[in-house]
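J.: take a look and give me a structure for this.
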Amino acid sequence: MRTFLPARADWTAAAPKDLLAGLTVAVVALPLALGFGVASGLGAAAGLATAIVAGALAAVFGGSSLQVSGPTGAMTVVLVPIVAEFGPGGVLTVGLLAGLLLLALAVARAGRYMRYVPAPVIEGFTIGIAAVIALQQVPAALGVPAGDGHNVVVNAVRALGSGPSWPAVALAGGVAAVMLLGARWKPAIPFSLLAVALGTVAAELWSLPVARIGALPAFLPAPSLSFLDVTALWSLLPSAVAVAALAALESLLSATVADGMSVNQRHDPDRELFGQGIANVVAPVFGGVPATAAIARTAVNVRSGAGSRLAALVHAVTLAVVMLAAAPVVGRIPLAVLAGVLIATAVRMVEVGAVRVLMRANRSDALVLVLTAVATLALDLVTAVILGLVVAGALALRAVARSVRIDEEPLEPGDHTQEEHDLLAEHIVAYRLDGPLFFAAAHRFLLELTEIAEVSVVILRLSHVSTMDGTGALVLRDAVERLERRGITVLLSGVRDEHRRQLETHGVRMFATTPEAIEYARSHLHRNGTLPR
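T.: Presented below is the predicted three-dimensional model:
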């Protein structure tokens, strides 16, 4: 546990530039925290509390010096059906349980395994999240009540069929346009906050009939566990597992992105899980929704010159000051304005260049990307990721299995006299196996090996077999038995030490080198009279 706790070395790189970076991230994070809080169903105050509490704790306890945490769009997508089914108290309970699960994953050192998620799954997952976030904002952007159903596509279609409020449409469209065009013109300027300010001022000056955030508390609520219903824990556990899986996946992906953007920063995946666990255990106590690291805010933090975890901590403290000093002003922000912010954020989440490369790379990557994106939209995020991993794994196994080759190896004439070589060539054949011999490749290997033409001795050179599992060893034994029933002697050469134990139990003749196997074959053929002495 000591390796997970903060240390003095965490703060040695702190510098004045971290203060400016933290302020910059806070400017970007404020409208997103409010918007994701509203989108989750628990309200803007819950989103702000999450950004403050989870942002501060993850900054102190997390495994990345550059990571910024808080409410995110991906988490919002998971929370909406939980709110509908279990209510706000259920969401807070799910967050606490997810935090405990993340702590267990950290202690189990599970962080290292997240690096094996393939790029097509990540990009498909991101596209699906972006689509869900954008569709979730359609009712607010049109100024109509949100539907009661869980399916965002159905709710969006119903909203489109309702009579829109044109002031809300104008505010949402204007904010999204300012953010998207401004980001292309001057990426360093926080156009999200500027767009929110302009939209709010316009709504106030012209007294536009649009819904507002409403009253916000000036302080964090007193810590409380009153939401916890012990009798409902078992029914909430599947949702908690989904939230914990998403928090782990998104946080470690974000930390990897931060490492790639910096020069000398490397995150500790297990400590990052621990930090996110602490953040998610404590945030619900203050009314916050489940949190995770935010890739967009982390990227802003790095680009703003952050060099230590002080920047993320300053971001959380700045949001707390805003809550204390400007709660009445923030409460006047129209919901349509926040919808515009989230729609623009969803558009910017998709890396068009990366998607284009993956779609053109090969059919397998394109299939996994599209399947993950569609499953995210039609099912849920965790199911989509699992489905994407299963399909990607199956396609990878097929590709590896196809890479296994069995090639005939000519016997070297220099090893024997020409007369002996001619005789050997008529009765002995050598094959070299390349690649992994495992369950996915074993069946094709068996078919190819048992189709060998009539010879007296087959030598299988296994020095280039990289991997052999139990299925591969059994299939090899089966192939040997089939050949020997046809009167063909089978010898193995160059068997690696790690594979020898598996094959010794099958009673197959093995030799250290191919020349030794050839010498034994010659003696065997002399003994049974196939070759003259």
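
J.: where in the stretch 151-300 of the chain is pLDDT low?
T.: Along the stretch 151-300 of the chain, the parts satisfying pLDDT under 70 run over 151, 261, 263.

J.: how does it look with 50?
T.: Within the stretch 151-300 of the chain, no stretch has pLDDT under 50.

J.: where exactly do the strands run in it?
T.: According to DSSP state E, counting those that start in this stretch, the stretch 151-300 of the chain carries its strands in the segments 292-293.

J.: over to the chain?
T.: Taking DSSP state E as the test, the strands found in the chain are 69-70, 292-293, 405-409, 428-437, 457-461, 465-468, 489-493, 509-511.

J.: what about the third one, average pLDDT?
T.: When pLDDT is averaged along strand 405-409, the result is 59.

J.: stretch 313-324 too?
T.: 92.

J.: distance of the spatially most central residue of the chain relative to Pro284?
T.: With distances taken as CA atoms, centre = their mean, Leu249 lies nearest the centre of the chain, 4.7 Å away. Noted for Leu249: a distance of 20 Å to Pro284, by CB to CB, to the nearest Å. All C-beta spots, glycine's among them, are computed from the backbone N, C-alpha and C.

J.: just Ala170 next, same as before
T.: According to CB to CB, Ala170 stands 37 Å off from Pro284.

J.: kindly report the same for Asp229.
T.: Taking CB to CB, one finds Asp229 at 13 Å from Pro284.

J.: Ala9 now?
T.: The gap separating Ala9 from Pro284 is 30 Å, by CB to CB.

J.: more crowded one of the two?
T.: Pro284 (31 against 7; other CB atoms under 10 Å).

J.: let me see the contact set for the more buried one.
T.: 91-93, 95-96, 99, 227, 290 (CB atoms under 8 Å, 6 or more residues apart in numbering).

J.: pLDDT at the nearest residue in space to Pro190 that is not next to it in sequence, what is it?
T.: The spatial neighbour of Pro190 that comes closest, neighbours along the chain excluded (CB to CB, 6 or more residues apart in numbering), is Val27 at 4.5 Å. Per-residue pLDDT puts Val27 at 77.

J.: my read: Val27 touches Leu193, true?
T.: Yes. Val27 is within contact range of Leu193, at 4.8 Å (criterion: CB atoms under 8 Å).

J.: those two: who's more crowded?
T.: Set Val27 next to Leu193 and count neighbours by other CB under 10 Å: Val27 wins out with 20 against 17.

J.: state the distance from the more buried one to Arg348.
T.: Distance of Val27 to Arg348, computed by CB to CB: 16 Å.

J.: ok, Leu97 next?
T.: To Arg348, Leu97 is 32 Å away according to CB to CB.

J.: can you check Ala247 too?
T.: Computed with CB to CB, the distance linking Ala247 and Arg348 is 22 Å.

J.: from Leu474, how far off is Leu492?
T.: Leu492 sits 15 Å away from Leu474, going by CB to CB.

J.: between those two, who's got more neighbours?
T.: Shown here are Leu492 and Leu474; by other CB under 10 Å, Leu492 has more neighbours (21 against 15).

J.: in contact with the closest residue in space to that one that isn't next to it in sequence, which residues?
T.: Sequence neighbours aside, Met510 is the residue nearest to Leu492 in space, at 4.6 Å (criterion: CB to CB, 6+ apart). Neighbouring residues of Met510 by CB under 8 Å, 6+ apart: 491-493, 495, 500, 503-504.

J.: buried ones among those?
T.: Neighbour counting with 16 or more other CB atoms under 10 Å marks 491-493, 495, 503 as buried within the contacts of Met510.

J.: dump those residues to a markdown table, plus distance to Trp234.
T.: As requested, the buried ones among the contacts of Met510 are exported to a markdown table (distance: CB to CB, whole Å):
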| residue | distance to Trp234 |
| --- | --- |
| Leu491 | 60 |
| Leu492 | 54 |
| Ser493 | 58 |
| Val495 | 52 |
| Leu503 | 48 |
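
J.: in CSV: those, plus pLDDT and distance to Val314.
T.: Listed next are those as CSV, based on pLDDT from 0 to 100; distance: CB to CB, whole Å:
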residue, pLDDT, distance to Val314
Leu491, 85, 71
Leu492, 85, 65
Ser493, 84, 66
Val495, 81, 61
Leu503, 74, 62
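
J.: how about the longest helix anywhere in the chain: buried residues?
T.: Counting residues, the longest helix found in the chain (DSSP state H) is helix 73-107. Using 16+ other CB under 10 Å as the burial criterion, the residues of helix 73-107 that qualify are 73-83, 86, 88-99, 101-103, 105-106.

J.: quick one: the helices in the stretch 251-400 of the chain?
T.: 269-282, 295-303, 310-330, 335-349, 352-361, 363-378, 381-403 (DSSP state H, counting those that start in this stretch).

J.: mind putting the ones you listed into TSV with mean neighbour count and distance to Phe125?
T.: Supplementary listing: the helices of the stretch 251-400 of the chain in TSV, determined by neighbours: other CB atoms under 10 Å; distance: least, CB to CB, whole Å:
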stretch	mean neighbour count	distance to Phe125
helix 269-282	26	18
helix 295-303	22	12
helix 310-330	20	24
helix 335-349	25	10
helix 352-361	13	12
helix 363-378	20	5
helix 381-403	17	6
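
J.: nearest to Ala176, of the ones you listed?
T.: Nearest to Ala176 among the helices of the stretch 251-400 of the chain is helix 335-349 (4.3 Å), distances taken as CB to CB.

J.: counting by contacts, list what that closest one packs against.
T.: Where contact means 3 or more CB pairs under 8 Å, 6 or more residues apart in numbering; DSSP states H and E, helix 335-349 is packed against helix 16-40, helix 73-107, helix 119-136, helix 138-142, helix 166-185, helix 191-205, helix 295-303.

J.: go through these and name the closest to His464.
T.: Among the helices and strands packed on helix 335-349, the nearest to His464 by CB to CB is helix 119-136 (29.2 Å).

J.: any idea of the angle the closest one forms with helix 16-40?
T.: 60 degrees (axes from the mean of the first three to the mean of the last three CA atoms, to 10 degrees).

J.: same for helix 119-136, what does it pack against?
T.: Against helix 119-136 (3+ CB pairs under 8 Å, 6+ apart) you get helix 73-107, helix 152-161, helix 335-349, helix 352-361, helix 363-378, helix 381-403.
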